[in-house]
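[1] After the sequence you'll find the predicted model.
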Amino acid sequence: MSDALILSHTHHAVLTLTLNRPKALNSFTTAMHVELLAALNQAASDASVRCVVLTGAGRGFCAGQDLADPAAAPNLDGGPATDLGALIDRYYRPLVQRLRNMPVPVVAAVNGVAAGAGANVALNCDLVIAAQSANFIQAFSKIGLIPDAGGSWLLPRLVGRARALGLAMLGDKLPAEQAQQMGLIWQCVPDAELAAQAQALAERLAGLPTRALAATRQVMDACGEMNMDQALVAEATLQGQLGSAHDYLEGVGAFMQKRAPVFTDR
């Protein structure tokens, strides 16, 4: 296995980024943060990339923050406390913001345990597809912390306050099948089919009007904080922009001519 902390592979306009610390269940270090953010930034600026898949090497997706990493390791000798807030500000906040502002769809292919920040990084992707053996754990309460990497914002919106509090306070394993049933993730699939189904889903997204998909994410996130009138204004603004773009003309033209559209906007 490569020494790179992030592996990349492109196939049919789909870029797959693989967290590559399998012996540590792909838990985050500051070095892995740097490589992942750089890879996402590069994908965002690469017009040939129309969808990104994020997954993990080995038997886990991501076990969250590596607590042995110097930026997170607690000082057990009575010295100054580790500033976890600084860790979040410097590494997790830029990562979450990058994922939620990518110009292309992002699919999380969760191949095993997704715990703590690892679970919430996955949930910040547009669609989450998980292997049946995978599970999601809001492990923060077990070490005296709160959900981070956007978890405190995401969880109530995805599953409601009662379930969000139950997941966060109890920190129990949530099997992928149950996560799908409660609306936390998009799809649970047999383990052997995860890679193929994630690729097929990503290729389907890559063939759709990418700019419109990114705008769909943008307006849905924004409208969650708006009243109906404000949402209608936001919709009109984005629709006005998209209506003058190539993909709208191509989509309508293809529909009228009864042919497959070829979308190129990004």
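    Perfect, I can see it now.
[2] centroid residue for this structure?
    With distances taken as C-alpha atoms, centre = their mean, residue 125 lies nearest the centre of the chain, 2.1 Å away.
[3] domain assignment for this structure?
    The record's domain split for the chain, according to automatic domain parsing, is 6-206, 210-257.
[4] just these: most buried one?
    Between the domains of the chain, the one whose residues have the most neighbours on average, counting mean count of other C-beta atoms under 10 Å, is domain 6-206 (a mean of 19). C-beta coordinates here come from the backbone N, C-alpha and C atoms, glycine included.
[5] chain center to it, what's the gap?
    The chain centroid and the centroid of domain 6-206 are separated by 6 Å under C-alpha atoms, centre = their mean, to the nearest Å.
[6] quick one, helices of the protein?
    Assignment of helices within the chain using DSSP state H yields the ranges 30-45, 84-87, 93-99, 117-123, 151-159, 161-170, 176-181, 194-206, 210-223, 228-242, 246-257.
[7] among the domains of the chain, which is nearest residue 266?
    Using C-beta to C-beta as the measure, domain 210-257 is the one of these that comes nearest residue 266, at 4.9 Å.
[8] measure the closest one end to end?
    Domain 210-257 has an end-to-end distance of 22 Å (criterion: C-alpha to C-alpha, to the nearest Å).
[9] quick one: residue 159 from residue 260, how far?
    Residue 159 sits 37 Å away from residue 260, taking C-beta to C-beta, to the nearest Å as the criterion.
[10] hmm, I was thinking of residue 207
    Using C-beta to C-beta, one obtains 9 Å as the distance from residue 207 to residue 260.
[11] Looking at the two, which one has more neighbours?
    residue 207 (16 against 7; other C-beta atoms under 10 Å).
[12] Any chance of the backbone angles for that one?
    Note on residue 207: its backbone torsions stand at phi -90, psi -10 [degrees, to the nearest 10].
[13] Could I get the phi/psi values of residue 104?
    Dihedral angles for residue 104 - degrees, to the nearest 10 - are phi -130, psi 160.
[14] and if you look at residue 126?
    Backbone torsions for residue 126, taken as degrees, to the nearest 10, come to phi -70, psi -50.
[15] I'd guessed it sits against residue 106; true?
    Yes. With contact taken as C-beta atoms under 8 Å, residue 126 and residue 106 are classed as touching, separated by 5.2 Å.
[16] Spatially nearest residue to residue 223 (excluding sequence neighbours)?
    When the adjacent residues along the chain are set aside, residue 223 lies closest to residue 231, with 4.2 Å between them (C-beta to C-beta, 6 or more residues apart in numbering).
[17] so how far is residue 165 from residue 181?
    From residue 181 to residue 165 the distance is 18 Å (C-beta to C-beta).
[18] swap in residue 226?
    With distances defined as C-beta to C-beta, the gap from residue 226 to residue 165 amounts to 25 Å.
[19] what does residue 266 give?
    Residue 266 sits at a distance of 39 Å from residue 165 (criterion: C-beta to C-beta).
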